[in-house]
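> quick check, what structure comes out for this input:
(one chain, ligands or ions: 2)
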Amino acid sequence: MRRLIAEATDYLEGNISVSGAKNAALPIITAALLGEGGSKLSRIPDLKDVNNLINILSNLGAEVNFTDSELELNTDGIDKYSTDSDLARKMRASYYTLGALLGRYGQACTVLPGGCEIGDRPIDLHLKGFSALGADVELDHGLVKLEADRLKGTEIYLDYPSVGATINIMLAAVLADGETVIENVAREPEIIDLANYLNIMGAEITGAGTDIIKITGVNSLNGTDYTIIPDRIEAGTYMMTVAAVGGDVVIKNVLVEHVRPLIAKLKEMGVEIIEGIDQVRVKSEGCLSGTDIKTMPYPGFPTDMQAQFMALLTQATQENLVIETVFERRFGHVDELRRMGAQIKVDGRSAVVARTDLEGAQVKATDLRAGAALIIAGLTAGGQTEIQNIYHIERGYEDITDKLKGIGANIELVEEYNCLS
Ligand SMILES: CC(=O)N[C@H]1[C@@H](OP(=O)(O)OP(=O)(O)OC[C@H]2O[C@@H](n3ccc(=O)[nH]c3=O)[C@H](O)[C@@H]2O)O[C@H](CO)[C@@H](O)[C@@H]1O
Ligand SMILES: C=C(OP(=O)(O)O)C(=O)O
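Residues are numbered from 1 along each chain as shown. Ligands and ions are numbered 1, 2, ... in the order given. Predicted coordinates for the structure are as follows:
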């Protein structure tokens with residue numbers, strides 16, 4: 001089995017570069033299905049989720065070529081509208097094929113998705129949107145089947161600003177007849193990135209980044225070249241790593257406005273942040289004041305940074321409060337941090353984190369960001385930490401081991417493991 005071995009690290013320094021955003025790449029790659037001809041997408045990260053999605057699109061009949069962060073797609077050969085279930089179950093974003101295939105071909109079928117096990121993660125708001133646009137929606141033995149002769153623009157209110165539902169409805173509506181107004185939508189930067197790509201393809205979308213998106217359906221879209229935004233969650237993960245371990249590191253390829261909530265919190269803790277045009281410099285001596293966090297939809301503190309921040313809080317003075325409002329079961333990392341000596345009291349969606357000198361242990365990643373939290377903890381803990389189930393981490397972090405080693409982290413990827421040692 002493959003494992004990560006992290007050991008106590010005194011100081012991090014140098015430069016670390018952020019890759020393209022996982023949560024922008026996945027909807028934009030899927031959106032290419034909507035365009036006639038080819039698209040060339042740049043800054044695409046080499047992640048398990050991205051490669052799975054590319055294989056899903058290839059199985060549908062698309063031509064794909066992915067090398068050196070450049071993905072060339074041609075969707076004119078699409079002749080299937082039902083995704084490979086084994087691949088689709090391995091990730092959350094495979095369900096974006098529903099909106100894109102329904103939008104362009106009037107039919108779509110995929111298995112209920114996988115992804116991080118951080119709650120029930122229903123898709124009722126997605127299905128509400130498809131139905132409102134005129135699609136017949138069928139749930140049959142774990143398969144979602146959609147059909148529509150012609151989608152018709154309408155007004156849709158989202159009970160919760162769901163990122164996935166916002167994206168899926170956008171993908172379905174861009175080729176529908178007439179205008180679609182989606183209210184109470186997600187405002188994440190990845191939504192804006194998708195809207196920008198679709199508009200360059202010929203779509204007519206306004207309001208992305210606000211809580212109301214308006215889409216005027218068009219007859220067709222054309223593939224185009226596009227470079228996706230950098231990954232704000234990856235950037236934040238490295239910022240928190242430097243804050244926890246101590247160091248002086250420049251994190252490159254960062255859109256500072258995308259990590260404002262984290263910058264505010266790190267400054268409250270006494271971390272020095274120097275903002276650049278497309279980078280942030282993080283300086284920390286490792287002695288940190290405490291602060292509390294409450295996760296919220298963008299522009300609030302991101303739920304995808306909660307686990308990593310909890311690991312950071314074990315290094316901060318006093319007891320600090322973490323409230324997770326977005327997902328109902330996103331504390332999988334707590335038990336693993338406790339194996340390292342962390343003092344964390346959980347009550348429902350709240351956790352109180354005390355300052356602790358962590359000790360290395362054998363731990364398991366329970367989900368993508370929990371795995372990142374264990375890396376941060378392992379680099380601050382005394383002794384050696386062995387992190388298992390690292391496939392979770394590889395869903396969302398490109399080359400994380402080499403990138404962290406490049407700034408002085410004591411971390412190794414162990415391909416083989418002798419269970420007797
Ligand atoms: C591939 C991708 O982009 N994943 C991100 C996306 O996940 P995802 O799109 O799944 O997250 P959502 O924003 O949809 O989920 C937020 C909340 O809405 C609820 N909900 C969602 C859909 C629905 O139909 N009904 C419903 O009740 C969920 O249970 C959850 O409690 O946004 C999350 C919140 O920023 C991030 O943590 C994920 O990294
Ligand atoms: C929850 C996450 O991803 P996904 O929605 O793909 O499971 C994440 O990126 O933190």
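> for this structure, which segments are assigned as helices?
Using DSSP state H, the helices found in the chain span residues 22-31, 48-60, 85-88, 96-105, 124-132, 163-173, 189-201, 232-245, 260-268, 306-313, 332-339, 368-380, 391-394, 400-405.
> what helices or strands is the fifth one leaning on?
Okay, so that is helix 124-132. Here helix 124-132 touches helix 96-105, strand 136-140, strand 155-157, helix 163-173, going by 3 or more C-beta pairs under 8 Å, 6 or more residues apart in numbering; DSSP states H and E. (Glycine included, C-beta is placed from N, CA and C.)
> got TSV for those, with distance to ligand 1 and mean pLDDT too?
As requested, those are exported to TSV (distance: least, C-beta to the nearest ligand atom, whole Å; pLDDT from 0 to 100):
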stretch	distance to ligand 1	mean pLDDT
helix 96-105	8	98
strand 136-140	12	95
strand 155-157	12	98
helix 163-173	3	98
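> quick one on the thing from earlier: make TSV out of the helices of the chain and add distance to residue 141 and mean neighbour count.
Converted to TSV, those look like this (distance: least, C-beta to C-beta, whole Å; neighbours: other C-beta atoms under 10 Å):
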stretch	distance to residue 141	mean neighbour count
helix 22-31	24	27
helix 48-60	20	20
helix 85-88	11	18
helix 96-105	16	26
helix 124-132	16	20
helix 163-173	21	27
helix 189-201	31	22
helix 232-245	34	28
helix 260-268	41	18
helix 306-313	33	30
helix 332-339	28	21
helix 368-380	28	29
helix 391-394	27	20
helix 400-405	37	19
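> closest point of this structure to ligand 2, which residue?
Relative to ligand 2, the nearest point of the chain is residue 115 (3.0 Å; C-beta to the nearest ligand atom).
> for ligand 1, what are the nearby residues on the stretch 301-421 of the chain?
With the criterion set to C-beta under 6 Å from any ligand atom, the stretch 301-421 of the chain comes near ligand 1 through 303, 304, 326, 327.
> leaving out chain neighbours, which residue sits closest to the third one?
Nearest non-adjacent residue to residue 326, counting by C-beta to C-beta, 6 or more residues apart in numbering: residue 303, 4.0 Å away.
> what score does that neighbour have for pLDDT?
For residue 303, the pLDDT comes out at 98.
> how far away is it from residue 295?
As judged by C-beta to C-beta, to the nearest Å, residue 303 and residue 295 stand 4 Å apart.
> shared neighbours of these two, anything?
Counting by C-beta atoms under 8 Å, 6 or more residues apart in numbering, the common neighbours of residue 303 and residue 295 are 324, 325, 326.
> in strands, which of the residues you listed appear?
residue 324 (DSSP state E).
> need the residues of the chain near ligand 2, please.
23, 91, 92, 93, 115, 116, 304, 368, 369, 396.
> ok, so of these, who is nearest residue 107?
residue 93 (19.8 Å; C-beta to C-beta).
> ok, back up a step: residue contacts, the residue nearest to residue 326?
So residue 303 contacts 295, 324, 325, 326, 327, 330 (C-beta under 8 Å, 6+ apart).
> the last one: neighbour count?
Read that as residue 330. 25 (other C-beta atoms under 10 Å).
> can you check the pLDDT for the closest residue to it other than its chain neighbours?
Using C-beta to C-beta, 6+ apart and skipping residues adjacent in sequence, the residue nearest residue 330 is residue 118, 4.2 Å away. Note on residue 118: pLDDT of 95.
> domain-wise, how is the chain divided?
Listed by the TED database, the domain ranges of the chain are 2-19+230-415, 22-227.
> start and end of the longest one, how far apart?
It stands for domain 22-227. Taking C-alpha to C-alpha, to the nearest Å, domain 22-227 runs 13 Å from one end to the other.
> again with stretch 293-308
OK, stretch 293-308 end separation, C-alpha to C-alpha: 12 Å.
> who wins for neighbours among the shared contacts of residue 303 and residue 295?
Highest count within the shared contacts of residue 303 and residue 295 by other C-beta under 10 Å belongs to residue 324, 23 neighbours.
> what's opposite that residue in the beta bridge?
residue 295 (DSSP bridges).
> residue 330 is in contact with that one, correct?
Yes. Look at residue 324 against residue 330 with C-beta atoms under 8 Å: they come within range, at 4.9 Å.
> what do those two both touch?
Common neighbours of residue 324 and residue 330 (C-beta under 8 Å, 6+ apart) are 303, 306.
> and residue 114, what is it in contact with?
88, 89, 90, 91, 92, 94.
> now flag whichever of those is closest to ligand 1.
Distances from ligand 1 to the contacts of residue 114, taken by C-beta to the nearest ligand atom, are shortest for residue 92, at 4.6 Å.
> skipping adjacent residues, who's closest to the closest one in space?
residue 115 (2.7 Å).
> just to check, the one you found is in contact with residue 95?
No. Contact criterion C-beta under 8 Å: residue 115 and residue 95 do not qualify, at 9.2 Å.
> out of these two, which sits in the more crowded spot?
Shown here are residue 115 and residue 95; by other C-beta under 10 Å, residue 95 has more neighbours (25 against 18).
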